[in-house]
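J.: A structural model of the following input is requested.
(one chain, ligands or ions: 1)
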Amino acid sequence: MHSNDLLVSLDNAGLHRNGRWLVRGVGFSVRRGEIVTLIGPNGAGKSTSARMALGVLAPDEGSVERAAGLTVGYVPQKLAIDHSLPLTVRRLMTLTGPLPAAAIAEALEEVGIAHLARAEVQTLSGGEFQRAMLARAIARKPDLLVLDEPVQGVDHAGEIALYALISRIRERQGCGILMISHDLHVVMARTDTVVCLNGHVCCTGTPEAVSGSEAYQSLLGARGDGALALYRHDHDHTHLPDGKVRHADGSVTEHCHPDDGHHHEAQEHA
Ligand SMILES: Nc1ncnc2c1ncn2[C@@H]1O[C@H](COP(=O)(O)OP(=O)(O)OP(=O)(O)O)[C@@H](O)[C@H]1O
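T.: Numbering: from 1, shown residues only. Take a look at the predicted model:
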């Protein structure tokens, strides 16, 4: 890697399982202090790409480079917890390894749920649970935070509060954040780069702070509050509901062409 700020970089990365490519031609990078949001429909390969960035999955083609000694914190989309067993928030924090009591307390304080350290996980609200998961991920002060749908199970007010918290974590800890969102049009306003996936990178760009626009008002209404922004897609092809792909010249093929979408370069950020 050329820059000390570059935490992880995927280049033309692909993962092949059971005779098919789950994702192919995936390229993006996350720098220190940067928030990158992956969007795309269900099954688009967002979690798979995030897991390649984490190093949990090794690419079958292309490359994934991580900064030497990179530490990561991960909030997975699902957590395999047996809800019939009692589990306190404090215990949740140490499931994957021991943590000093001070680090647990500091992380819970940081996400605003210090008072819930002894609460049973199954009694938490959706927003409190996501905060507990965030606390677990930041407790070891990772360089890179990977958040797979961090606002799931949370209402709009909770979503805005969580985005404010995530951006505060980025500022205070100076980490890079790779976030997955299932919303195709609305992303966290503080996102630096949006990467739209559908088996490959369809387009990349920046969200628009368009709080005054009609499009924003009709899509977000009162829930915007400056925490959310719109992402306008700029594809050179369309994924049809039956899985086929319509290209700019009107032709329809079974799959994307290898270079579809790849001429949209990620925008550079300071
Ligand atoms: N280990 C695996 N073996 C085989 N197929 C897998 C594996 N993991 C994921 N898949 C498949 O890869 C595709 C991409 O899955 P992935 O979870 O990355 O998508 P996603 O964009 O995160 O979807 P969602 O929004 O539904 O969470 C899906 O078709 C999924 O069924």
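J.: secondary structure class for residue 128?
T.: Three-state assignment for residue 128 (DSSP: H, G, I helix; E, B strand; the rest coil): helix.
J.: what sits against it?
T.: 113, 116, 119 (CB atoms under 8 Å, 6 or more residues apart in numbering). For glycine as for every other residue, the C-beta is placed from the backbone atoms N, C-alpha and C.
J.: please redo it, this time with the cut-off set to 6 Å
T.: Taking CB atoms under 6 Å, 6 or more residues apart in numbering, we find residue 128 in contact with residue 113.
J.: Quick check: it vs residue 193, distance?
T.: 30 Å (CB to CB, to the nearest Å).
J.: swap in residue 12?
T.: Residue 12 is 18 Å from residue 193, by CB to CB.
J.: For those two, work out which one has more neighbours and name it.
T.: For the pair residue 12 and residue 193, the greater number of neighbours falls to residue 193 (21 against 16), based on other CB atoms under 10 Å.
J.: which residue sits closest to that one, ignoring its sequence neighbours?
T.: residue 36 (4.8 Å; CB to CB, 6 or more residues apart in numbering).
J.: Heading C-terminal from the longest helix seen in the chain, find the next helix or strand.
T.: Longest helix of the chain, by residue count under DSSP state H: helix 156-173. Downstream of helix 156-173, the first helix or strand assigned by DSSP states H and E is strand 176-180.
J.: Show me what that following strand packs onto, helices and strands only.
T.: strand 20-31, strand 35-39, helix 46-54, strand 144-148 (3 or more CB pairs under 6 Å, 6 or more residues apart in numbering; DSSP states H and E).
J.: And the contacts of the last one?
T.: With CB under 6 Å, 6+ apart as the test, strand 144-148 has contacts from 7, 47, 50, 54, 72-77, 137, 175-180.
J.: Retrieve the pLDDT associated with the residue of the stretch 151-270 of the chain found nearest the ligand.
T.: The stretch 151-270 of the chain approaches the ligand most closely through residue 182 (5.2 Å), counting by CB to the nearest ligand atom. Model confidence at residue 182, expressed as pLDDT, equals 79.
J.: ok, now residue 41?
T.: 88.
J.: so how many other residues sit close to the residue nearest to it when sequence neighbours are not counted?
T.: In space, and not counting its chain neighbours, residue 41 is closest to residue 198: 6.4 Å by CB to CB, 6+ apart. Residue 198 has 23 neighbouring residues, counting by other CB under 10 Å.
J.: likewise residue 102?
T.: 8.
J.: does it count as helix, strand or coil?
T.: helix.
J.: From the ligand, how far out is it?
T.: From residue 102 across to the ligand, the span is 35 Å (CB to the nearest ligand atom, to the nearest Å).
J.: dump the residue contacts of that residue.
T.: No contacts exist for residue 102 under CB under 6 Å, 6+ apart.
J.: Spatially central residue in the protein, please.
T.: In the chain, the C-alpha nearest the mean C-alpha coordinate belongs to residue 179, at 1.5 Å (CA atoms, centre = their mean).
J.: That residue touches residue 37, doesn't it?
T.: Yes: with contact defined as CB atoms under 6 Å, residue 179 reaches residue 37; the gap is 4.8 Å.
J.: Show me what from the stretch 151-270 of the chain comes close to the ligand.
T.: residue 182 (CB under 6 Å from any ligand atom).
J.: Give me the number of neighbouring residues for residue 227.
T.: Residue 227 - counted by other CB under 10 Å - has 19 other residues nearby.
J.: State the distance from it to residue 62.
T.: Distance, residue 227 to residue 62, using CB to CB: 34 Å.
J.: and if you look at residue 108?
T.: Residue 108 is 39 Å from residue 62, by CB to CB.
J.: Perfect, I'm done here.
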